[in-house]
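**Q** here's a sequence, model it:
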Amino acid sequence: MFASLSKATFSVLANSIVLKAIASRVGLRRPHSFAHRFVAGETTADAIAAAQRLEARGLTVTLDHLGERMTTRDGVMQATRAYMAIVQAAADAGISRNLSVKLTQIGLDIDRATAIDNLRRVLDVATRADFFVRIDMEGSAYTENTLEVFESLWGIGTRNIGVVIQACLRRSPGDVARMNELGARVRLVKGAYREPKDVAFQRKAEVDAAYAALMEQLLASCTYPAIATHDPALIARARQFAADRAIGHDRFELQMLYGIRRDLQRSLVEAGYHVRIYVPFGTDWFPYFMRRLGERPANLGFVFKSLAREEKDQVRR
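**A** So this is what the prediction gives:
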């Protein structure tokens, strides 16, 4: 039954006030809950512990403090300070110095200037700690603003930043060319947001074809792209493209999400590839979690049963 649900359905569920309220009460307190498969925990300490376990297996990480669409100045300043503290905590722990940032979490829904000012605060701390900061891409309504914020900082000489391009968007070939011209580091993803037909490809075959073309465009640019996919066929194509053109393993990296295709992560490391794991954490984990479920809808029934069971347990205590 659940396998037939669409990405649109999961987009609605991700924004459900009732489900968010249940999720926030239940949290990630149970170490073996289903959500823990995809989310490292609620605190920076949880994320660092997860990162250390991954790095012990030869992987590298990027930390992602979950949350988006913050609309109050107090809220965006709190999020900005949280990012700054995460950088320091990760540096102190000695884990991979790589951070992902969402612009709507630090003020883009207020105005672009606020987002730029707060991102510069994060980058100031990140630069001192030798961190690389990836600006995440959100829904298509934010694509142009996100790229313009990136270009503003790139234009003043900031180089420890990169950006994300979503292959599902019809505009992405132009955006990849735009970033390649700058020499910027791009993380290529398929895209997890619900988008209209005139903006994004809807069929999997179309998205896969777009991803493959953009991936080869990025690999040929030699600007250390991040090929972020769990699709074995696309990974095999990337490996073959690189081998045919003598593009060394040190000139790109493969990226995957925390908890997904751990077998493939391991085999790629064993084959000598750089593999980075996107480690999400934070109290605002539910929307991210639902988008991940949207990629495997059959899991939804299990999740609802688990949430209901854990909610009952909370009431009994």
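**Q** now the helices for the stretch 1-150 of the chain?
**A** For the stretch 1-150 of the chain, the helices defined by DSSP state H, counting those that start in this stretch occupy 7-14, 17-26, 44-55, 73-93, 112-128, 143-155.
**Q** out of those, which comes closest to Glu216?
**A** When these are compared by C-beta to C-beta, helix 143-155 sits nearest Glu216, at 21.0 Å. No exception for glycine: its C-beta is placed from N, CA and C like everyone else's.
**Q** and that closest one, what's buried?
**A** Of the residues in helix 143-155, 143, 145-147, 149-150, 152-154 count as buried by neighbour count, 16 or more other C-beta atoms under 10 Å.
**Q** return the member of the residues you listed nearest to Thr114.
**A** For the buried residues of helix 143-155, with Thr114 as the reference and C-beta to C-beta as the criterion, the closest is Val149, at 10.6 Å.
**Q** hmm, the closest one is touching Val101, no?
**A** No - at 10.4 Å, Val149 does not count as touching Val101 under the criterion of C-beta atoms under 8 Å.
**Q** joint contacts of those two?
**A** 119, 135 (C-beta atoms under 8 Å, 6 or more residues apart in numbering).
**Q** ok, Arg97 - contacts?
**A** Going by C-beta under 8 Å, 6+ apart, Arg97 touches 90-91, 129-132.
**Q** filter these to the buried ones?
**A** So, by 16+ other C-beta under 10 Å, the buried ones in the contacts of Arg97 are 90-91, 129, 131-132.
**Q** now render those as JSON lines, adding pLDDT and distance to Gly183.
**A** Below are the buried ones among the contacts of Arg97 laid out as JSON lines (pLDDT from 0 to 100; distance: C-beta to C-beta, whole Å):
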{"residue": "Ala90", "pLDDT": "97", "distance to Gly183": "26"}
{"residue": "Ala91", "pLDDT": "97", "distance to Gly183": "26"}
{"residue": "Ala129", "pLDDT": "97", "distance to Gly183": "23"}
{"residue": "Phe131", "pLDDT": "97", "distance to Gly183": "19"}
{"residue": "Phe132", "pLDDT": "98", "distance to Gly183": "15"}
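**Q** from those, which single one is nearest Asp231?
**A** Of the buried ones among the contacts of Arg97, the one sitting nearest to Asp231 (C-beta to C-beta) turns out to be Phe132, at 24.7 Å.
**Q** partner residues bridging that closest one?
**A** For Phe132, the beta-bridge partners are Asn98 (DSSP bridges).
**Q** domains of this protein?
**A** 1-35+285-317, 40-284 (automatic domain parsing).
**Q** least reliable of those going by mean pLDDT?
**A** In terms of mean pLDDT, the lowest-scoring of the domains of the chain is domain 1-35+285-317 (a mean of 56).
**Q** okay if I get the helices of the stretch 1-150 of the chain as CSV plus distance to Leu264?
**A** Shown next, in CSV, are the helices of the stretch 1-150 of the chain (distance: least, C-beta to C-beta, whole Å):
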stretch, distance to Leu264
helix 7-14, 23
helix 17-26, 28
helix 44-55, 14
helix 73-93, 25
helix 112-128, 30
helix 143-155, 29
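**Q** between those helices, which one is nearest to Ala233?
**A** Of all the helices of the stretch 1-150 of the chain, helix 7-14 sits nearest to Ala233, with 20.4 Å by C-beta to C-beta.
**Q** using TSV, lay out the contacts of Arg97 together with distance to Met84.
**A** Shown next, in TSV, are the contacts of Arg97 (distance: C-beta to C-beta, whole Å):
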residue	distance to Met84
Ala90	11
Ala91	11
Ala129	10
Asp130	15
Phe131	11
Phe132	15
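**Q** and Phe132, what does it touch?
**A** Under the criterion of C-beta under 8 Å, 6+ apart, the neighbours of Phe132 are 97-99, 126, 160-162, 185.
**Q** my guess is Gly235 contacts Ala228, does it?
**A** For the record, residue 235 is Ile, not Gly. No - assessed by C-beta under 8 Å, Ile235 is found out of contact with Ala228, at 10.3 Å.
**Q** what do these two both touch?
**A** By C-beta under 8 Å, 6+ apart, the residues touching both Ile235 and Ala228 are Leu254.
**Q** which strand residues bridge Leu254?
**A** Applying DSSP bridges, one finds that Leu254 bridges with Ile227, Val275.
**Q** I'd say it and Leu234 touch.
**A** No - if you go by C-beta under 8 Å, Leu254 and Leu234 don't touch, sitting 10.1 Å apart.
**Q** the two: who's more crowded?
**A** Leu254 (21 against 18; other C-beta atoms under 10 Å).
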